[in-house]
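Undergrad: Sequence plus the predicted model coming up.
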Protein chains: 4
Amino acid sequence: MIRVTIWNEFIHERENEKIKEIYPQGIHGCIKSFLERNEDMEITCRTLDMPNQGLEEDILRKTDVLIWWSHIKQEELTDENARRVQKYVQRGMGFIGLHSAHFSKVLKALLGTSMTLKWRHGDKERLWCINKIHPIAKGIPECITLPKEEMYGEYFDIPAPDDIIFLGWFSGGEVFRSGVTFHSGYGKIFYFQPGHEEYPIYHIDEIQRIIINAVYWAYQENKSMEELECTAVEKPME
Amino acid sequence: MIRVTIWNEFIHERENEKIKEIYPQGIHGCIKSFLERNEDMEITCRTLDMPNQGLEEDILRKTDVLIWWSHIKQEELTDENARRVQKYVQRGMGFIGLHSAHFSKVLKALLGTSMTLKWRHGDKERLWCINKIHPIAKGIPECITLPKEEMYGEYFDIPAPDDIIFLGWFSGGEVFRSGVTFHSGYGKIFYFQPGHEEYPIYHIDEIQRIIINAVYWAYQENKSMEELECTAVEKPME
Amino acid sequence: MIRVTIWNEFIHERENEKIKEIYPQGIHGCIKSFLERNEDMEITCRTLDMPNQGLEEDILRKTDVLIWWSHIKQEELTDENARRVQKYVQRGMGFIGLHSAHFSKVLKALLGTSMTLKWRHGDKERLWCINKIHPIAKGIPECITLPKEEMYGEYFDIPAPDDIIFLGWFSGGEVFRSGVTFHSGYGKIFYFQPGHEEYPIYHIDEIQRIIINAVYWAYQENKSMEELECTAVEKPME
Amino acid sequence: MIRVTIWNEFIHERENEKIKEIYPQGIHGCIKSFLERNEDMEITCRTLDMPNQGLEEDILRKTDVLIWWSHIKQEELTDENARRVQKYVQRGMGFIGLHSAHFSKVLKALLGTSMTLKWRHGDKERLWCINKIHPIAKGIPECITLPKEEMYGEYFDIPAPDDIIFLGWFSGGEVFRSGVTFHSGYGKIFYFQPGHEEYPIYHIDEIQRIIINAVYWAYQENKSMEELECTAVEKPME
């Protein structure tokens, strides 16, 4: 069983009628509904308004892969919670950051760069797969068209990715590294750009398939749950 | 003129007689002495005991490349100072982290991983260059022998380096990615493992040459000193 | 079913009595015996002395993963056969090059560099895993000791690997990138250094486990078997 | 003095009147004219119709950086000449492959992949710099617009680049890794996509600046001119 926790800020979907129509159960509810069709996945949802912002030690300890959507309340996440998530990723918990999560305290802590980019609402996007043999791209066509998406454009300040899987083309003239992987300690990280709240991006089949693939990819069967520490090796082997 | 600031914790060299003998002017003093032979470099030294821990905004604004040595007082650096250095690196200041600086708050913030490793005192090290065409390796022999050095061993929890320049071989049986580069924003980062305080590592010609090369490599003539920010591009080009 | 073909030069094991004792069925026979314990693998062996050097179009068309060992007769492989293997890798056939296969016409064609290195017989090797979360490292201890192995040392002239999984430490003082992955077209490539014919390397459990893992990793369920070609896209999408 | 050799196929510019108007001295003549304004560069031009296809041993021995443009006669280059260029790159000669040179025998030999891509005539291209701190990007704006260029689109079958410097956006909907670096042995390689013969691409200031930067980047002051060979190290250091 892969224990997936979806953490969502869950503000837009309650405060804006149009967005509520697109995601009546919240973005997390939509993601839950297509993930739970996979019989080997067990889904939990957590939101910012819960006690401890939904990020208790006990939740993270039982999470194999954490999916994260956040936007307007990035700064409200406590530093302590950001550090706790970072620590669990380093111990082997997978992490999938969606769309505006690029600017979450968690991804900024995990990657260390400024995570800045260009943005504009309402472009058409074409998502090109440039790494067809990556597990996250399994069964994905080489080009996915998103009729309306928020433009995210280069320069995107990220470290050297382990792999670049998708490049985004935007009708207004920009390009973007839209699907990239990293690691921290024993944890695998996937950042995926599509998913602005005003457009029904997570209802699109191929986008759902990519997120499902990413969960399988980020999951580690025998992950160590020990904290990484510097180790004194007193006796040399030789 | 390349404005180099050397920041040193400067504890061991005052508190331990043997180490004081090796570095009577401090590790920073030793590094200053071989850097200042380069006429295009202007050297400033800062230490932990100075006001503001030697890291005032004004110092960083006038620094092109910051060299960092820290060990026993890593936790005493204020979070604010660590963040300030991180921000200047992202704006284009070069950063050279030496030896135990792997575990400094600054490098942990810049790279986001746990920076953990194995360690043991008193091995022999052989430093192999596996990237002879990198500017940092210019004029460096393919193997440098350090008769005594602290062993730093894998697994070393770092992100995917931009380049691996040196691999360390240790007499006790370990290996290490001993010279690796990264970037954050517009800043170039070099982490270099040799330099335990009990051995006269920074007196060795080839080690000095590597640090000099790294300063030239990390320096950027026309670096932007603006902070990186997310930018709204209201009008599409197309 | 994963269709694995093991291609072996098969000279040393017939001409040298000591090597024959270590590998009475040839190196390919030894590898076959531990691979075929996996019920989802179907193993075929091919050797240099077979018609067409064992590399008929029909064999490659039915191969999901090709394992390659060659040494003293590298130059006898026809250019046509090397090119044919290269083409099938680009179409999606996995390729595992073992030990002296670094200097095979096939790997030289696939990677384009000189594939040169340093070598010496009879060192002890310690194989360090620096990428524990890679599928090829699954279940592998962080350090494997090979009491006797041929030293392969840096500088190893390879392209930037997709991933470095193992670093080798040698008792004589050298280091080596001992387990590295690449890709070409839709084919995944793993080069693995251990396996000098005079030492019973392929009888060691952990080495067998690494090769088994590599077969699963290199295998692609739905690989295209079309040849890659430049494609004219006459009508723009926009 | 940096000794630059420009090798050009030089067919289109003689056989097609429109192309002759754009490049009356050939593409090589245009490139020569903006390179030779740099007083530390010494330019030689070689073309396919010369004896030995312009690639005598003596020419390559005296070349620090080789710039290559080829298209319709890729297959006429002899295998021997392709191998000779490959060997000199491995010894430290820089190589800059322009536009359709992606499919030259030389780049295919150096990189080992199929080098296939998508193409179409007559798009608008926007060239985005995603690596502003790379020496090849020095002084280059973050976006260069090419009013008309041949579309080259992903999937582009190349190995993992050392660095990706430019991404191309095309008006018809495609994206491309338009400026990428590699190395082979001691030689630095830059592939740069712009330069279809029907459009006056090499007359554009920023494109010229990129090529000039690439020459300085690929040049190695003290390059070894020895051939790389496997080396027996008979005596261990330890």
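TA: Arrived safely. Numbers count the residues shown, from 1 in each chain, chains lettered A, B, ... in the order given.
Undergrad: OK, contacts around the residue most central in space within chain A?
TA: Centroid-nearest residue in chain A: A:Gly97, 1.8 Å away (criterion: C-alpha atoms, centre = their mean). Shown in contact with A:Gly97 (C-beta atoms under 8 Å, 6 or more residues apart in numbering or on different chains): A:Trp68, A:Ser104, A:Val106, A:Leu107, A:Ile189, A:Phe190, A:Tyr191, A:Phe192. Every residue, glycine included, has its C-beta placed from N, CA and C.
Undergrad: and the fifth one, how many neighbours does it have?
TA: A:Ile189 is surrounded by 25 other residues when neighbours are defined as other C-beta atoms under 10 Å in any protein chain shown.
Undergrad: my read: it touches A:Asp163, true?
TA: No: the criterion here is C-beta atoms under 8 Å, and A:Ile189 misses it with A:Asp163 at 11.0 Å.
Undergrad: who touches both of the two?
TA: Common neighbours of A:Ile189 and A:Asp163 (C-beta under 8 Å, 6+ apart) are A:Thr181.
Undergrad: before we move on, the earlier item: using a markdown table, lay out the contacts of A:Gly97 together with secondary structure and distance to chain D.
TA: Formatted as a markdown table, the contacts of A:Gly97 follow (DSSP: H, G, I helix; E, B strand; the rest coil; distance: C-beta to the nearest C-beta, whole Å):
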| residue | secondary structure | distance to chain D |
| --- | --- | --- |
| A:Trp68 | strand | 24 |
| A:Ser104 | coil | 22 |
| A:Val106 | helix | 24 |
| A:Leu107 | helix | 19 |
| A:Ile189 | strand | 18 |
| A:Phe190 | strand | 18 |
| A:Tyr191 | strand | 15 |
| A:Phe192 | strand | 16 |
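Undergrad: Distance to chain B and pLDDT added to those residues, as CSV?
TA: Converted to CSV, the contacts of A:Gly97 look like this (distance: C-beta to the nearest C-beta, whole Å; pLDDT from 0 to 100):
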residue, distance to chain B, pLDDT
A:Trp68, 15, 98
A:Ser104, 13, 98
A:Val106, 10, 98
A:Leu107, 9, 98
A:Ile189, 10, 98
A:Phe190, 14, 98
A:Tyr191, 13, 98
A:Phe192, 18, 98
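Undergrad: quick one, helices of chain A?
TA: For chain A, helices defined by DSSP state H occupy the ranges A:12-15, A:17-22, A:26-35, A:57-61, A:79-90, A:105-111, A:205-218.
Undergrad: what's the shortest one packed up against?
TA: Right, the one you point to is helix A:12-15. helix A:17-22, helix A:26-35 (3 or more C-beta pairs under 8 Å, 6 or more residues apart in numbering or on different chains; DSSP states H and E).
Undergrad: buried stuff in the longest one?
TA: The neighbour-count criterion (16 or more other C-beta atoms under 10 Å in any protein chain shown) identifies A:Gly26, A:Ile27, A:His28, A:Gly29, A:Cys30, A:Ile31, A:Lys32, A:Phe34, A:Leu35 as the buried residues of helix A:26-35.
Undergrad: partners of the helix or strand of chain A with the lowest mean pLDDT, with directions?
TA: The helix or strand of chain A with the poorest confidence is strand A:231-232; it has a mean of 92 (mean pLDDT, DSSP states H and E). Counting by DSSP bridges, the strands paired with strand A:231-232 are strand B:118-129 (parallel).
Undergrad: Which parts of the partner strand count as buried, going by neighbours?
TA: B:Lys118, B:Trp119, B:Arg120, B:Asp123, B:Lys124, B:Glu125, B:Arg126, B:Leu127, B:Trp128, B:Cys129.
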